[in-house]
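# Here's my sequence, what's the structure:
(2 chains)
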Amino acid sequence: MLVSTRRHTLAILVSGALLAAACSGSDSADSPNATEAPATAAEADPDSSEPADTSDTAAQSTEPDEPAPLEDADQLTSEGEGNADLASLEPVAGGEITFGLTNDGTGFDTTGAIAPGSIRVITALNDSLVGLDANANWQPNLAESLTPNDDFTSWTITMRQGLLFHDGEPVDGEAVRANLQAFKDSPIVGFAMAQITTITAVDELSVRLDLSAPWASLPYGLVGQPGWMVSPSTIGTNETFTGTGPFMLESWTPGDGARVVRNPNYWRADEGLPYLDAINFKFLVDLTVKRQAFEAGDVQGYISPGDEDIVDFLEDDETDVWIGTAGANEYLWLLNTTAPPFDDLRVRQAMAHAIDKQFIIDTFRSGLTIPANGPLNPSDRWYTENNYPQFDPAAAQALVDEYEAEVGPIEFELSIEPNASVIEVAEVMMSFLTDVGIDGKIKEIGQGQSALTAIQDDFQAFSWFQFGSPDPDGEYPFFHSSGGFLNWTNLVSADIDAGLDAGRQNIDEAARKAGYAQFLQALGDEVPMIWVDHLNGVEAVVTLPELHGIGTPGLLPDGSASLAMTNGNFFAWPGVWIEQ
Amino acid sequence: MLIFVQRLGRLVFVFFVVTFVTFFLLDQAPGDPAERFAGLNATPEVVEGIRANLGLNGSLLERYTRWLGNAVRFDFGDSIVTRGFSSWDLIRESLPKTLELMVLAEIMAIGMAVPLALASARRPGGFIDKAASSTAFGLLALPAFVLGIYMSFVFGVKLGWFPTIVDNLPGLNDDPLNNLRQMFLPSLTLALNLVAVYLRLLRSDLIETLQEDYVMLAQARGLSERRIMWRHVLRPSSLNFTTAVGLNIAGLIGGAFIIEVLFAINGMGRLVIQSVILEDFNVVAAVVAILTVAYVMMNFLVDVLYSILDPRIRHGAR
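Predicted structure coming up:
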């Protein structure tokens, strides 16, 4: 769900690494119906292209204990544009906009690590095989249907007739096979699809995925990067993206931005989509520059990199702010559990005890976010509490003393991208650690290099934004210990593996929930990450009131509303229009 | 002619030294660009192949001479970070913007500094001199990032006269008005910092020259003050000024980073910083080579200008 306001706002929308964004979606905070996998195998209808609806059960289980900050529309929409107002406005075709990005892109290779800046551009160039509806249920999008067999060990994807890539090549079964195969074969991201054993083009429009084990929630994995289709001749190319989306890449200048223009052959052109003629994505690293450019009208919207806008422009009637309340990232530190000093559980626990999350939230998020103890938001229906160490300086000090008596002083480096607002937070966290005798230093890495650096294990601790998948199965590769490079912290935990496997392979919802409870509990016990907060409520896009549709749900091919602006991956660019 | 050849030889020597030292330093940096380029799980054969493609195989001297040979043809190798782009692609995208920024800024700065310096020197301690000096000190004390934000706020946000960012900059030939409009604020910001230096430098040299006997002679002969200042005082007073302009021109090619960030210009300053941070060694080496050539050429031109401005230098009297 999105909140609009005619008040200028701000938020952080730093997304972490490649598949974080690729697999991100809703935490279901406002979507109690969000359940995709059939509740039981017996209830599953393998012939259906859509999953069984278990909304009643889910509705009962997803009531959050407390409303998440700013998730109540009334808090921000009293003067807001709101969906009702939008409905009375008739979209106008034409025009172009300049849209500010916080992160630079490093390319478009769909089989590699894609920087957040690139992902923002790809949202305009691409339609995924699978989309998410307003309740974060998966729905066929570019694909016409996705059909499992009886035990979910095989899925058949059938494409729509007549789809074309930007270069005029057909989006057929062979093209889909080639894309999925290239993704699976990639040493960098292929682990996300490791469970797929064979990919076969069955006929002109169909592809069958055979799996090594049941995978009921597989379609969620095709919402993000694995489901991005590019023309087969361009698979693996980094400098261009020949996709299927509403816009085509006209130019990309590293360090500057990209320009995309309307795709005249868009497969939904008969619906009048897209409305805009062109979008200039402009990389604006400095917040002051970004805001001045916005106020001067030089950019019509921008991704807000912090909470300052929300606070500063709360009373500004000349600005709309779209806040993604669903599927927000978490801010955390990854700890490399195979390298000293974080190969010792006591050090990891001490760090968790030492940091006052609420102080960070009050100081840097204006109290808008909620503390995190793991990747799932408390309002998520899969969430259960765990024993993640809470703020307790005395306990931290005791653990540090014990470790230092045995091993010696605790020193480490925190790798971080050069983003001033994030570095500020990290520095305060460092000061908490200093208070208990842990000596940390900040090590800046290159813009957009987080994923690659983490994959190469070239870090001790890492300032990180990630998670928020619409289904916890989306987090599988980042925590499972079975050898994937994406298991950032390198933690090997039988409980985590067992929990994630149960969530992936079971169809029964209770069994899945039990699995994820086991996963969360083990995560709290092992502390491979220092969790700070769920960024619901501070991920925002700031726009001029004349720019419409960027944060509102778009329409899926079946006419149902799509989930919009979740984690920056689901901007409804086809439906964005600007008053002339 | 001999002096010309000597200077040229010296400049070539400087180029070799700087590029070799850069090459050596990059070679000593941690990490293996070939492994990084190859990605994960790459076999040793693949890594070796990439190392060869990137020109990273062989001894340091071999690599340097190979790089030098390619550099002459503007082949600086591929960017390791932004795959699909060569180093020269990235420089070719950035260099024209920075050159335009630098040229416009210098024109503005010189255009403001020279008349103000002449007016100040004519009446040292007078109103114009005091006002110009105070303003110059103020501008000197104002960092570029403060001045830039202020200019952007006043002329971009409040008055709406100029864009606050450079976006889709058209070529100067294609759409000169749009181009100059976009480049006006960054150029002016840069120029205002320069004008303070130029003004102070030129003013003091002008005052010194005005004490020369030949100036008094010209005054005694009844030449107009304007003619004396422009024809007989300005030229011999311009040596330090010329040096400063020359060094600034070269320095700005890679040193306008703050201005480029403030006005979102994808210029050489941003490219340099980004490449260093990202450890994109091929791009760093290419940029250093370009900057070295720029410095060397500007020094050479300044030397030539010296002899034009002051005949005594040309004739070896000094």
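# Could you give the number of residues near A:Gly255?
Each residue near A:Gly255 was counted by other Cβ atoms under 10 Å in any protein chain shown, and the total is 22. Heads up, the C-betas are built off the backbone N, CA and C, glycines and all.
# Could you do A:Ser469 as well?
30.
# Check what pLDDT it gets.
pLDDT, A:Ser469: 77.
# got it, and the one 10 residues further on?
pLDDT for A:Phe479: 93.
# contacting residues for it?
Counting by Cβ atoms under 8 Å, 6 or more residues apart in numbering or on different chains, A:Phe479 touches A:Asn487, A:Leu491, A:Ile496, A:Leu500, A:Phe519, A:Leu523.
# So which of those reach chain B?
Among the contacts of A:Phe479, proximity to chain B is found for none (Cβ under 8 Å from any Cβ of the partner chain).
# Turn the residues you listed into CSV, columns for pLDDT and neighbour count.
What follows is the contacts of A:Phe479, written out as CSV (pLDDT from 0 to 100; neighbours: other Cβ atoms under 10 Å in any protein chain shown):
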residue, pLDDT, neighbour count
A:Asn487, 88, 20
A:Leu491, 93, 22
A:Ile496, 96, 23
A:Leu500, 94, 26
A:Phe519, 97, 31
A:Leu523, 96, 25
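# Okay, and which of these map to helices?
Among these, the members found in helices (DSSP state H) are A:Ile496, A:Leu500, A:Phe519, A:Leu523.
# Return the member of the contacts of A:Phe479 nearest to chain B.
A:Asn487 (13.0 Å; Cβ to the nearest Cβ).
# That closest one contacts A:Pro477, doesn't it?
Yes - between A:Asn487 and A:Pro477 there is a contact under Cβ atoms under 8 Å: 7.0 Å.
# those helices in the stretch 201-350 of chain A, which residues are they?
For the stretch 201-350 of chain A, applying DSSP state H, counting those that start in this stretch gives helices covering A:218-221, A:287-295, A:308-312, A:345-354.
# Show me what the longest one is packed against.
Put plainly, it is helix A:345-354. strand A:330-335, helix A:393-406, helix A:420-435, strand A:438-444, strand A:529-534 (3 or more Cβ pairs under 8 Å, 6 or more residues apart in numbering or on different chains; DSSP states H and E).
# and that helix, which residues are buried?
For helix A:345-354, the neighbour count (16 or more other Cβ atoms under 10 Å in any protein chain shown) marks A:Arg346, A:Val347, A:Arg348, A:Gln349, A:Ala350, A:Met351, A:Ala352, A:His353, A:Ala354 as buried.
# Give the next helix or strand downstream of it.
helix A:357-364 (DSSP states H and E).
# what's near enough to touch the residue positioned nearest the centre of chain B?
A centroid search over chain B (Cα atoms, centre = their mean) returns B:Leu252, at 2.7 Å, as the residue closest to the centre. Listed by Cβ under 8 Å, 6+ apart, the contact set of B:Leu252 reads B:Thr98, B:Leu101, B:Met102, B:Ala105, B:Glu106, B:Leu190.
# So B:Leu169 belongs to a strand, correct?
No - read with DSSP: H, G, I helix; E, B strand; the rest coil, B:Leu169 is coil and lies in no strand.
# measure the closest residue to it other than its chain neighbours to B:Thr242 for me?
Leaving out its chain neighbours, the residue that sits closest to B:Leu169 by Cβ to Cβ, 6 or more residues apart in numbering or on different chains is B:Gln182, at 5.6 Å. Distance, B:Gln182 to B:Thr242, by Cβ to Cβ, to the nearest Å: 30 Å.
# Just want to know which of these two has more residues nearby.
Neighbour count, other Cβ under 10 Å: between B:Gln182 and B:Thr242, B:Gln182 has more, with 23 against 20.
# show me what contacts the more buried one?
B:Gln182 touches B:Phe162, B:Pro163, B:Val166, B:Asp167, B:Leu169, counting by Cβ under 8 Å, 6+ apart.
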